[in-house]
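K.L.:
Okay, here's the prediction I keep looking at, along with the sequence it came from:
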Amino acid sequence: MSTKYLCLNCWRTPTLEETYYRCPQCGSGGGADLADWLKRRSVGSLSRVSDLRVSWSKHLISGEPQKPRCPQHPKANLSFYCPCQAYLPPSSVLTNAPWGLGIAGPRSSGKTLLTITMVNELRGLQVDNGKRLALEGVGKTEERFHKLSDQFLNGGARPSATDPPAKDEALEADEERNFCWNLYVAESDGRPKAAAILPIYDVAGETWGMPSDESLARFDRYMGLVRSLVFLIDGAAVAADLDYTERDAWARVKLSRQSGWSDRQWLTRVQERLGERAGQVDIALVLSKADYFWDRPEWMDLRQGTPEERFRPSLEQLLRQSKRLDLLVTARAHFRRVELFSLSSLGFHPGPNDVQQERLVRLPEPKNVTGPFAWLLKNRFAGPR
């Protein structure tokens with residue numbers, strides 16, 4: 001089976017034969033100056049790896065690992081590129097099927113903030129029998145993630161809004177909200193064992209709500225990778241529907257009553273875009289911003305956030321009272337496994353003293369943000385339902 005790559009720019013998974021190449025010594029497949037080629041962004045200045053068939057076949061006869069070589073410089077390490085022109089680093093080679101994690105939900109439900117806090121909490125997370133999780137960024141993932149998270153973690157600034165993806169194939173290289181990690185689980189002897197390849201696309205909320213018949217090239221390719229889904233139910237919107245008057249001092253706007261119509265529309269659109277594949281996807285229905293409810297006696301169980309039997313009824317009751325119980329019905333009808341969670345990416349309900357000039361001055365204390373991920377990870381390696 002041919003080597004396959006995962007492109008963090010366009011979410012293609014090209015085989016080695018489908019990639020383009022460049023020799024660093026002779027410039028074959030491009031100009032002598034790689035930086036100059038990157039400025040031109042022209043696939044036409046490269047050559048297809050499949051053009052190396054003769055040289056490649058001779059190399060295979062020698063018994064060495066399957067890897068194409070430049071005819072003039074067989075010892076040179078070729079650089080490989082996706083058909084979209086993006087560089088494919090060695091770490092982007094797929095050792096198994098990518099475990100795409102979708103973090104969906106309406107606008108302002110907290111998707112980017114959850115991505116930031118969850119990934120930080122996952123580093124070193126104990127997952128099974130004392131084993132701990134390790135994350136290794138692919139390509140520019142760590143650089144991009146630091147750029148996204150630093151403004152929040154070290155400055156208290158709200159993460160910038162996510163732009164919708166392009167609707168055509170005119171893809172820009174180095175998409176800033178595309179991330180991918182190799183997940184490792186430390187064995188008892190301390191050696192890391194590859195567990196999964198985890199791509200996460202931090203996409204705009206309105207994109208998840210787009211009609212399924214409207215093509216979004218990059219987004220549709222990512223949806224083809226999704227094996228697990230976190231669907232956020234905006235706790236602030238739920239609180240507004242229940243006429244709770246508490247304001248989040250860090251919130252941009254005060255929400256009006258919606259009776260869950262946005263949640264229902266978004267989840268239906270996600271399910272329709274997945275199509276028949278939804279039946280192979282596990283979904284965690286997650287109440288975000290659960291800090292809106294923790295101090296109310298009737299909702300104190302929501303602080304636990306776990307899918308234990310004694311806490312699940314509280315979440316179901318909240319969905320019922322806020323006219324969102326059909327979210328659970330829809331999820332159970334179309335997805336493989338379904339569970340309910342509640343969490344708070346901040347860990348507290350921001351008051352006036354916690355915010356200065358629209359910046360959070362109180363350190364976040366994330367609560368339950370890894371619960372949905374741990375459940376999805378466990379199911380990722382479980383057999384059929």
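P.N.:
Structure's in. What do you need?
K.L.:
now the stretch 51-200 of the chain, which segments are flagged as low pLDDT?
P.N.:
Within the stretch 51-200 of the chain, the ranges that satisfy pLDDT under 70 run 51-67, 129, 165-174, 187-190.
K.L.:
Now with 90, please.
P.N.:
Across the stretch 51-200 of the chain, the ranges flagged by pLDDT under 90 are 51-87, 95-97, 107-108, 124-134, 151, 153-155, 158-177, 184-196.
K.L.:
now the helices for it?
P.N.:
In the stretch 51-200 of the chain, helices defined by DSSP state H, counting those that start in this stretch lie at 53-61, 111-122, 141-153, listed in chain order.
K.L.:
From Arg273, how far off is Cys7?
P.N.:
Counting by Cβ to Cβ, to the nearest Å, the gap from Cys7 to Arg273 is 20 Å. No exception for glycine: its C-beta is placed from N, CA and C like everyone else's.
K.L.:
the more surrounded of the two?
P.N.:
Using other Cβ atoms under 10 Å, the more surrounded residue of Cys7 and Arg273 is Cys7, with 26 against 22.
K.L.:
can I assume that one is in contact with Ser92?
P.N.:
Yes: with contact defined as Cβ atoms under 8 Å, Cys7 counts as touching Ser92 (7.1 Å).
K.L.:
can you give me the strands in the stretch 51-200 of the chain?
P.N.:
For the stretch 51-200 of the chain, applying DSSP state E, counting those that start in this stretch gives strands covering 79-81, 87-88, 100-104, 126-128, 131-137, 178-186, 192-201.
K.L.:
will you turn the ones you listed into CSV that also has mean neighbour count?
P.N.:
As requested, the strands of the stretch 51-200 of the chain are exported to CSV (neighbours: other Cβ atoms under 10 Å):
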stretch, mean neighbour count
strand 79-81, 22
strand 87-88, 21
strand 100-104, 24
strand 126-128, 14
strand 131-137, 18
strand 178-186, 21
strand 192-201, 19
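K.L.:
of the ones you listed, which approaches Ser345 most closely?
P.N.:
Proximity to Ser345 (Cβ to Cβ) singles out strand 100-104 among those, at 11.4 Å.
K.L.:
That closest one packs against which elements?
P.N.:
Counting contacts by 3 or more Cβ pairs under 8 Å, 6 or more residues apart in numbering; DSSP states H and E, strand 100-104 packs against helix 111-122, strand 192-201, helix 217-223, strand 226-234, helix 261-274.
K.L.:
and it, how far from the chain's centre?
P.N.:
Centre-to-centre, strand 100-104 and its host chain are 5 Å apart (Cα atoms, centre = their mean, to the nearest Å).
K.L.:
what comes up buried for stretch 343-355?
P.N.:
Residues of stretch 343-355 classed as buried: Leu343, Ser344, Ser345, Leu346, Gly347, His349, Pro350, Asp354, Val355 (neighbour count, 16 or more other Cβ atoms under 10 Å).
K.L.:
likewise stretch 288-301?
P.N.:
Ser288, Lys289, Ala290, Asp291, Tyr292, Phe293, Trp294, Trp299, Asp301.
K.L.:
Export the helices and strands packed on strand 100-104 to TSV and append columns for distance to Ala333.
P.N.:
TSV is the format used below for those (distance: least, Cβ to Cβ, whole Å):
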stretch	distance to Ala333
helix 111-122	24
strand 192-201	25
helix 217-223	19
strand 226-234	14
helix 261-274	9
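K.L.:
Please enumerate the strands of the stretch 201-350 of the chain.
P.N.:
Per DSSP E, counting those that start in this stretch, the stretch 201-350 of the chain carries strands over the ranges 226-234, 282-288, 338-342.
K.L.:
mind giving me TSV with those strands and columns for distance to Lys75 and mean pLDDT?
P.N.:
Output for the strands of the stretch 201-350 of the chain, formatted as TSV (distance: least, Cβ to Cβ, whole Å; pLDDT from 0 to 100):
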stretch	distance to Lys75	mean pLDDT
strand 226-234	39	96
strand 282-288	46	96
strand 338-342	52	94
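K.L.:
Can you lay out these as TSV showing distance to Asn77?
P.N.:
Formatted as TSV, these follow (distance: least, Cβ to Cβ, whole Å):
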stretch	distance to Asn77
strand 226-234	32
strand 282-288	39
strand 338-342	45
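K.L.:
Please identify which of those is closest to Trp261.
P.N.:
strand 226-234 (12.1 Å).
K.L.:
Partner strands of that closest one, with direction?
P.N.:
Neighbouring strands of strand 226-234 in its sheet, by DSSP bridges, are strand 100-104 (parallel), strand 282-288 (parallel).
K.L.:
Could you tell me the angle between that strand and strand 192-201?
P.N.:
60 degrees (axes from the mean of the first three to the mean of the last three Cα atoms, to 10 degrees).
K.L.:
Could you tell me the angle between strand 226-234 and strand 338-342?
P.N.:
Orientation check (the same axes, to 10 degrees): strand 226-234 against strand 338-342 gives 40 degrees.
K.L.:
Now do strand 226-234: distance to the chain's middle.
P.N.:
10 Å.
K.L.:
Kindly calculate the angle that it makes with helix 261-274.
P.N.:
Using the same axes, to 10 degrees, strand 226-234 lies at 170 degrees relative to helix 261-274.
K.L.:
Using CSV, write down the CA coordinates of strand 226-234.
P.N.:
Only the C-alpha atoms of strand 226-234 are listed here, as CSV (Å, rounded to 0.1, in the frame of the first residue of the first chain):
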residue,chain,number,x,y,z
VAL,A,226,-14.4,13.2,11.0
ARG,A,227,-14.9,10.1,13.2
SER,A,228,-16.0,11.9,16.4
LEU,A,229,-18.0,15.0,17.0
VAL,A,230,-18.4,17.4,19.9
PHE,A,231,-21.5,19.4,19.5
LEU,A,232,-21.7,22.5,21.8
ILE,A,233,-25.0,23.7,23.2
ASP,A,234,-24.4,27.3,24.2
